[in-house]
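**Q** Okay, predicted coordinates and the sequence, questions at the end:
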Amino acid sequence: MNERVLSYVQTPALLCAAEITLVIPSYQRPYVWPSEDVVELLDQIMQACDAAQPHYYIGTILTSVVAPRDSTGGNTVYEVIDGQQRMTSLMLLALALAEVAPDTELANFIVWNKQPRLTFAIRDEVQRQFAAWAGLEGEERTVTSEIDDAYIKHIVAARKALSDHLAQVRRERNKAYLAEVAGFIHSNVRWVNNIMPAGMDLNRLFSTMNNSGVQLEHSDILKARLLAAIGTQKQRYDAIWQACENMSDFFERNVRKVFPTADWKRLGQNDLAEHCTATFPLARSTGKDSAALTIAQLAKSPELDAQSSEVVQEPRQNCRPIISFALLLMHAQRIFLHQQQQSDVEVRLHESRLNDYFADFIDQVTEKQAKAFIECLWTVRYQFDLWVVKWLAEADSTVANLRLTNVNRSKLDDGWRLVRTRLESSDLSQLQSVRNFTGERSAQYWLTPFLGALVAGKARTQAQVLKLLERIDNQLSLAQESQKEASFKLLSGDTLAMRGIDSVIADLNKPGGTRFEHYWFQKLEYILWRERDRFGTYDAAKLATYRITSKNSIEHVHPQREEFGVELAKEHLDSFGNLVLLSPSENSSYSNQRVGKKREDFKGKPRYDSLKLAHIFSGKADMNWDVPDIARHQARMLDLIRNHYATTGG
């Protein structure tokens with residue numbers, strides 16, 4: 001019997017050629033990827049296609065070969081043990097592209113032998129939906145509205161979001177471009193398939209993986225390589241890394257767990273700004289090896305007793321960061337390179353390319369450099385938790401919003417602790433929300449100059465930090481170079497090539513419809529929030545609950561096809577003044593209703609969908625929304641944008 005774990009790099013093209021199909025077993029949890037994350041995956045693949053990248057990796061999956069029921073099947077079936085979210089998302093991409101570009105090889109990836117290539121054990125509703133999307137005969141399309149089934153609702157939502165996004169891309173580009181993207185996915189999107197040996201006890205494997213908490217990540221590989229370069233104080237630098245890597249809890253809590261013997265009765269928040277050997281004494285080693293294990297090692301390790309105190313419980317998520325630890329490492333490396341007066345690495349920022357980004361550094365790293373980088377990582381993580389928003393669940397609710405927090409020393413039952421207090425929405429948190437939801441979300445390039453300036457001590461108060469971020473945001477929004485190049489220049493203090501704000505205003509004055517860049521709608525929302533005290537149009541209660549959130553659907557206030565047939569010339573219909581940015585659900589709630597009905601619906605909602613819409617609907621109920629109204633609103637909004645850049649720097 002083959003006892004080895006076999007690893008292969010695979011693509012949709014390989015699965016088609018080798019007649020490989022995939023099955024999601026019954027024990028898997030429902031598909032849970034948010035629609036915006038699936039759309040972001042598509043955008044990242046399109047960027048890789050545009051840049052003629054040789055491949056785009058979507059990660060690693062873990063499978064086992066399913067024994068055939070008979071000898072007539074003729075194909076290989078893999079049961080997906082780990083990675084069902086990625087493989088389902090990949091199939092949804094293929095289905096959405098096949099609808100708009102059907103005559104491509106990617107269409108062959110969807111179906112094998114007149115059945116979906118990706119099947120779901122005992123999830124009949126999901127199976128029927130995939131068959132319907134694949135156009136197989138005898139299958140009826142599931143009604144996609146008001147779906148409560150946990151095993152299908154996120155799949156349906158993601159499929160719709162992809163279709164809507166591809167429709168917009170087709171309008172902006174063309175069908176031939178979508179066919180090119182489909183071809184890129186078919187041949188160039190790759191993943192690593194780790195195939196378990198036949199006869200392995202998968203229940204035992206799952207138990208060990210879930211209880212040990214030592215799954216191998218890209219960052220574990222990087223950590224091992226850095227620690228290999230360190231000869232002295234290896235355990236201390238390993239501890240510093242551990243304090244930084246758990247992004248689901250706040251930094252001071254991580255540090256307290258890793259350095260429990262520090263004098264926490266007197267330590268304040270500022271004492272954590274830099275790592276100090278005297279301040280954070282290292283506890284004696286327990287003799288246990290904390291290094292991550294490979295999947296093969298996990299499979300051979302003794303099964304943990306569920307009643308044993310050695311079982312590590314799943315860590316509680318006290319917060320959810322806007323970036324992964326892998327991406328934080330890349331931002332920290334850029335800041336470290338600047339400190340060392342070196343240039344940026346050419347590899348673009350994406351968590352899947354972590355080890356590519358560090359490859360040259362690792363090849364030449366000295367012990368001094370490895371230690372200096374890990375110390376830099378500590379300072380970056382400290383500033384990240386101090387000044388960058390995190391997803392925090394609201395009280396007595398599962399709904400999470402982006403929030404900043406404040407840290408104070410408090411005396412609790414078990415002694416003095418650093419305690420986090422949630423802050424209400426502020427200019428700083430709202431502007432970070434704009435940055436988080438626009439641009440290259442998988443990279444968040446604004447964090448490099450922002451965190452770099454904070455580490456350098458260039459801003460210390462709330463007002464100073466806001467001024468810093470406004471300047472960075474303005475300059476990145478006007479940069480004529482890529483966001484990657486521009487962000488590193490801002491970090492280094494180099495001159496940026498920028499277009500003038502008047503050039504932006506001129507473009508916004510032209511009718512653009514759904515082609516307008518979403519950033520400018522979100523930036524206007526921030527400006528309207530920032531200048532909220534100037535306006536007498538806001539409801540105080542609604543304003544208190546307003547948050548800048550993820551939005552990707554442009555709504556025509558005067559609808560394109562008004563319910564009573566009232567028409568507006570396209571140049572006015574598609575003007576910036578007649579448009580707002582909403583979420584798909586907010587957009588569909590207004591539909592093609594007349595403007596007066598939209599106004600009443602808007603005013604009846606418990607919170608604002610959009611501050612721009614609040615200005616549009618601030619007039620009397622019988623007020624017309626005609627060409628002069630649209631022009632006045634547009635001129636006023638664009639003046640606000642122009643004045644913001646004039647007063648905050650750009």
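**A** Good, I have the coordinates. Numbering: from 1, shown residues only.

**Q** Let me know the pLDDT of the closest residue to I501 other than its chain neighbours.
**A** Spatial nearest neighbour of I501, chain neighbours left out: Y645 (4.2 Å); criterion: CB to CB, 6 or more residues apart in numbering. (C-beta placed from N, C-alpha, C; glycine too.) At Y645, the model reports a pLDDT of 97.

**Q** residues in contact with Y645?
**A** Residues near Y645 by CB atoms under 8 Å, 6 or more residues apart in numbering: N474, L478, I501.

**Q** Quick one, which of the residues you listed are buried?
**A** N474, L478, I501 (16 or more other CB atoms under 10 Å).

**Q** Quick one: these as a markdown table, columns for secondary structure and pLDDT too.
**A** What follows is those, written out as a markdown table (DSSP: H, G, I helix; E, B strand; the rest coil; pLDDT from 0 to 100):
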| residue | secondary structure | pLDDT |
| --- | --- | --- |
| N474 | helix | 97 |
| L478 | helix | 97 |
| I501 | helix | 97 |
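
**Q** ok, of those, which one's closest to Y78?
**A** L478 (48.7 Å; CB to CB).

**Q** per-domain residue ranges of the chain.
**A** 6-200, 223-422, 499-650 (automatic domain parsing).

**Q** for the strand of greatest length in the chain, the distance to its chain's centre please.
**A** Counting by DSSP state E, the longest strand found in the chain is strand 56-65. Distance, stretch centre to chain centre, for strand 56-65: 20 Å (CA atoms, centre = their mean, to the nearest Å).

**Q** Need the mean per-residue confidence for it.
**A** 87.

**Q** helices or strands next to it in the packing?
**A** In terms of contacts (3 or more CB pairs under 8 Å, 6 or more residues apart in numbering; DSSP states H and E), strand 56-65 is packed against helix 35-50, strand 76-82, helix 84-100, strand 189-196.

**Q** The stretch 351-500 of the chain: strands as residue ranges?
**A** 390-393, 400-403, 405-412, 415-422 (DSSP state E, counting those that start in this stretch).

**Q** now for these, which one comes closest to V566?
**A** With CB to CB as the criterion, V566 lies closest to strand 400-403 of the strands of the stretch 351-500 of the chain, at 37.7 Å.

**Q** list the helices and strands that closest one packs on?
**A** Looks like strand 400-403 contacts strand 390-393, helix 427-437 (3+ CB pairs under 8 Å, 6+ apart).

**Q** looking at the ones you listed, which has the lowest confidence?
**A** strand 390-393 (a mean of 92).

**Q** Buried residues, that strand. List them.
**A** Neighbour-count burial for strand 390-393 [16+ other CB under 10 Å]: K390, L392.

**Q** Can I get that strand in CSV? Just the C-alpha atoms.
**A** The C-alpha coordinates for strand 390-393 follow below in CSV (Å, rounded to 0.1, in the frame of the first residue of the first chain):
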residue,chain,number,x,y,z
LYS,A,390,-11.2,45.6,12.6
TRP,A,391,-14.5,43.8,12.1
LEU,A,392,-16.2,43.7,15.5
ALA,A,393,-19.6,42.1,16.2
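
**Q** got the contact list for it?
**A** Residues contacting strand 390-393 (CB under 8 Å, 6+ apart): C319, R320, P321, I322, V399, A400, N401, L402, R403, T405, R422.

**Q** In ChimeraX, how would I select the buried members of these?
**A** In ChimeraX, this line selects whichever of the contacts of strand 390-393 come out buried by 16+ other CB under 10 Å:
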select :319,321,322,401,402,403,405
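
**Q** where's the dip in pLDDT among the contacts of strand 390-393?
**A** Comparing the contacts of strand 390-393 by pLDDT, V399 comes last, at 83.

**Q** ok so C244 is a helix residue?
**A** Yes. Assessed by DSSP: H, G, I helix; E, B strand; the rest coil, C244 belongs to a helix.

**Q** mind checking pLDDT for it?
**A** What the model reports as pLDDT for C244 is 97.

**Q** which ones are touching the residue nearest to it when sequence neighbours are not counted?
**A** Spatial nearest neighbour of C244, excluding adjacent residues (CB to CB, 6+ apart): R381 at 4.4 Å. Listed by CB under 8 Å, 6+ apart, the contact set of R381 reads A243, C244, F251, L328, A332.

**Q** which one of these is nearest S352?
**A** L328 (14.6 Å).

**Q** what's the burial count for the closest residue to G577 other than its chain neighbours?
**A** For G577, ignoring the flanking residues on the chain, the nearest one in space by CB to CB, 6+ apart is Q634 at 2.8 Å. Q634 is flanked by 18 other residues according to other CB atoms under 10 Å.

**Q** Does Q634 touch N509 like I think?
**A** Yes. Counting by CB atoms under 8 Å, Q634 touches N509, with 7.4 Å between them.

**Q** shared neighbours, the two?
**A** Common neighbours of Q634 and N509, counting by CB under 8 Å, 6+ apart, are F576.

**Q** quick one on the thing from earlier: with mean pLDDT, mean neighbour count and distance to T277 added, can I get the helices and strands packed on strand 56-65 in JSON lines?
**A** Formatted as JSON lines, those follow (pLDDT from 0 to 100; neighbours: other CB atoms under 10 Å; distance: least, CB to CB, whole Å):
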{"stretch": "helix 35-50", "mean pLDDT": "93", "mean neighbour count": "19", "distance to T277": "41"}
{"stretch": "strand 76-82", "mean pLDDT": "87", "mean neighbour count": "19", "distance to T277": "39"}
{"stretch": "helix 84-100", "mean pLDDT": "93", "mean neighbour count": "22", "distance to T277": "42"}
{"stretch": "strand 189-196", "mean pLDDT": "88", "mean neighbour count": "20", "distance to T277": "39"}
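
**Q** Okay, A48 and N193: tell me how far apart.
**A** Note on A48: its distance to N193, by CB to CB, to the nearest Å, is 20 Å.

**Q** Also A631?
**A** 58 Å.

**Q** again with L222
**A** In terms of CB to CB, L222 sits 23 Å off from N193.

**Q** now T119
**A** Taking CB to CB, one finds T119 at 17 Å from N193.

**Q** what's the pLDDT at E146?
**A** 42.

**Q** Tell me which helix or strand comes right after the lowest-mean-pLDDT helix or strand in the chain.
**A** When each helix and strand of the chain is scored by mean pLDDT, DSSP states H and E, helix 295-300 comes last, with a mean of 42. Downstream of helix 295-300, the first helix or strand assigned by DSSP states H and E is helix 325-339.

**Q** And that next one, what does it pack against?
**A** Helix 325-339 packs on helix 218-228, helix 234-245, helix 354-364, helix 367-387, helix 447-455, helix 483-492, going by 3+ CB pairs under 8 Å, 6+ apart.
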